[in-house]
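A.B. asks: Here is a sequence with its predicted model. Questions after.
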Amino acid sequence: MQFFLELSLNGLVIGALYALVALAIVLVCKATEVVSLAHGQLLAFGALFFYVGYILLGLPLWVGWLVGLAMGAVLGFAVERICLRPLIGQPLFSGFLMTFAVFMVLDGIFALILKGEAWGFPDFLPKGNITIAGSSVPVGGLYSLGICLVVFLLTVLFFRYTKVGLGMRATAESHQLAQSAGINVRTIFSLVWILSAVVAVVAGVMLARYYDIRFMLTMVAFKGLVVAMVGGLDSLPGALVGGLLLGWVENVASGYLDPIVGGGIQEVAGYIMLLLVLLVRPYGIFGLVRIERV
Amino acid sequence: MLPCGTFNQDYGRDTAVIRTRLQWIITILALVVLLTFPLYGDHYLIGLINKMSITIVAVLGLQLMMGYCGLISFGQVAFVAIGAFTSAILTATYGWPFWLALPVSGIVAGLVGIVGGTPALRIKGFYLALATLAIHYIVTWLILHLKITGGVVGLHAPPPTAFGFAFDTDETMYYIIVPVMLLMTYFAKNLARSRIGRAFVAIRDNDLAASVMGVSLFRYKLVAFFIGCFFAGIAGSLFAHWMMFVHVEQFPLADAVFYIGMLIVGGLGTIVGVFFGTVFISLLIEAVTFASPTLTGWFPALGIAPAAALGASAFGVIIVLFLIFEPRGLAHRWAIFKASYRLFPFAY
């Protein structure tokens, strides 16, 4: 029981980070109907710029954060402006493939910068462990969980209660109707990409605490996609629930099954879960079931 | 459109793939050059053609699934791996001849494809893409952890033999790989023109409408998965016996990504596009591999081996440009070119 609790808590801490990545993907998908594969690179580059600002240039922590977030936002804006805008009006499929091409370009640049090394990432959160219900949990993890939940909440509130957020939700319903109601859909697209890049960078910096800055970091986006699918591609609560669920499943599965099958179950547990969920609920747990007519 | 002066006087003529005398001459010449190439060709080029031919077989399968039937798959490389390992296990462990293992590994990959494809009956689009990504990870994980596949050690795959003659060089394997590739192309081309191919296109364009018209989604999606994975399995078997060794690291996700890129560059929904795309992307990757040491010489800051990273970036840029400026791929450009030379003195 003790072991189970410990696995669960640590799983939830990582799961909250997956939830943030998924939130970024869901935001883009909701407003622009493009499922983005490029977010892994956006978050990795954000973490990279954070590292450059905080460690290489020796700036204070909050300036490091600002540098990372700002550069992430610029990158997100550039991706939308250069690559996705020419595709407006083309089949949705092209948008998906475009983000995948962007993924390849940024992937190559990221690999060139790293040269196959891993950059040790500073742990900027408090150290030490505390004991919850008899199992010890790192304090940094709890802080990270807290930050994730706050960012998540802020984004949801922004989406719900600001005018721009209202515009985003209107655009999500129908591009044409939003446009005819006087909403500039193109501006909304840019803003959505910037917002989602910022969310992704927050997740990226927190994730880099665990993974360091290395090639692996970009692959987290696939986990984010899995989470977005499990929760439902157009559901914000789905991203949170899916993320926590994935982190929990991965950690518990690796804790109990790894000794039996000989390791590596963490890599596939999420994908097996995805297949099972899709078999039962093809649009994810909280996804909107689309009714189609010819 | 047909060249001027070509008339169809019977049904056979109307459905022929090769229509005019000039086309026959070009086809026969091309076949003669292709099949005699190892006698005078460069060793490196022969290896490259082998590699491209195997890729073409795998991408043809993906084209039938993705270009014709609209089932996006990131799992094609996993099915190539299944074919390769099946073939290696059958020949090395159970002593089957290669000639039997080749079709059987295709069928095994196809059957696994059907099992993996069952979620596809309910989901489509991005959900399916992610589900096939899941299949890729699960398959590679299983290959690493099962006893029969040799795990991290890999498996030896003996070279094919016929009448005491072993096909153990690039030149001799060429005479297995290229004819199989031609045969599979013929098969794919005719399948695409058949009732099944038309059903695929109907499902791709609007699956609900297709189903209303009486196309069984259940049957044809499973057929699409079976055929696509069958092609992958054949490609895998060829690859295993050409390399004479199979290991899970020969089948990275990046290759599945390249396959999709080849389809975009070549053109979705055309058989000729598979050839354009595969040759274009393969040559691009070769060129980057060649240019990489020179570039490192010029810019030492790039590091020792930027080939893989530069290759990925160059590939990405190409896809971005194609999606923006030529979304229908090189096959479309080729169709425009053919139409304009047939009309030559006139504009239309």
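C.D. replies: Received, thanks.

A.B. asks: switch to C-alpha atoms for all contacts and neighbour counts from now on
C.D. replies: Will do.

A.B. asks: got the contact list for residue 205?
C.D. replies: No chain in the question, so chain A it is. A:43, A:44, A:46, A:47, A:50 (C-alpha atoms under 8 Å, 6 or more residues apart in numbering or on different chains).

A.B. asks: Chain B was what I was after
C.D. replies: Per C-alpha under 8 Å, 6+ apart, neighbours of residue B:205: residue B:70.

A.B. asks: just to revisit the earlier point, narrow the contacts of residue A:205 to those in helices?
C.D. replies: A:43, A:44, A:46, A:47, A:50 (DSSP state H).

A.B. asks: tell me which parts of chain B are close to chain A?
C.D. replies: Neighbours of chain A within chain B, by C-alpha under 8 Å from any C-alpha of the partner chain: B:119, B:122-123, B:125-127, B:130-131, B:134-135, B:137-138, B:141, B:145, B:208-209, B:302-303, B:306, B:308-317, B:319-320, B:323-324.

A.B. asks: switch to 6 Å and redo it
C.D. replies: B:119, B:123, B:134, B:138, B:209, B:309, B:310, B:312, B:313, B:316, B:319, B:320 (C-alpha under 6 Å from any C-alpha of the partner chain).

A.B. asks: can you map out the strands along the stretch 1-150 of chain A?
C.D. replies: A:129-132, A:135-138 (DSSP state E, counting those that start in this stretch).

A.B. asks: Could you single out the most deeply buried of the ones you listed?
C.D. replies: strand A:135-138 (a mean of 17; mean count of other C-alpha atoms under 10 Å in any protein chain shown).

A.B. asks: Quick one: list the elements packing against that strand.
C.D. replies: Contacts defined by 3 or more C-alpha pairs under 6 Å, 6 or more residues apart in numbering or on different chains; DSSP states H and E place strand A:135-138 against strand A:129-132.

A.B. asks: Tell me the strands beside the strand it packs on, with direction?
C.D. replies: Applying DSSP bridges, strand A:129-132 is found paired with strand A:135-138 (antiparallel).

A.B. asks: Can you give the distance from the partner strand to the centre of its chain?
C.D. replies: Between the centre of strand A:135-138 and the centre of its chain there are 25 Å (C-alpha atoms, centre = their mean, to the nearest Å).

A.B. asks: Reformat the residues of chain B next to chain A as TSV; add distance to residue B:220.
C.D. replies: Formatted as TSV, these follow (distance: C-alpha to C-alpha, whole Å):
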residue	distance to residue B:220
B:119	14
B:123	14
B:134	22
B:138	25
B:209	14
B:309	39
B:310	40
B:312	34
B:313	37
B:316	32
B:319	30
B:320	32
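
A.B. asks: Just the buried ones among these, please.
C.D. replies: Buried by 16 or more other C-alpha atoms under 10 Å in any protein chain shown: B:119, B:123, B:134, B:138, B:309, B:310, B:312, B:313, B:316, B:319, B:320, out of the residues of chain B next to chain A.

A.B. asks: Give me the buried positions along the strand or helix carrying the fourth one.
C.D. replies: What that stands for is residue B:138. Assigned by DSSP states H and E, residue B:138 falls within helix B:126-145. Of the residues in helix B:126-145, B:126-141, B:143-145 count as buried by neighbour count, 16+ other C-alpha under 10 Å.

A.B. asks: okay, now residue B:29: neighbour count?
C.D. replies: 12 (other C-alpha atoms under 10 Å in any protein chain shown).

A.B. asks: Serialize the buried ones among the residues of chain B next to chain A to TSV and add fields for secondary structure and pLDDT.
C.D. replies: Output for those, formatted as TSV (DSSP: H, G, I helix; E, B strand; the rest coil; pLDDT from 0 to 100):
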residue	secondary structure	pLDDT
B:119	helix	73
B:123	coil	77
B:134	helix	88
B:138	helix	89
B:309	helix	76
B:310	helix	79
B:312	helix	82
B:313	helix	85
B:316	helix	88
B:319	helix	88
B:320	helix	89
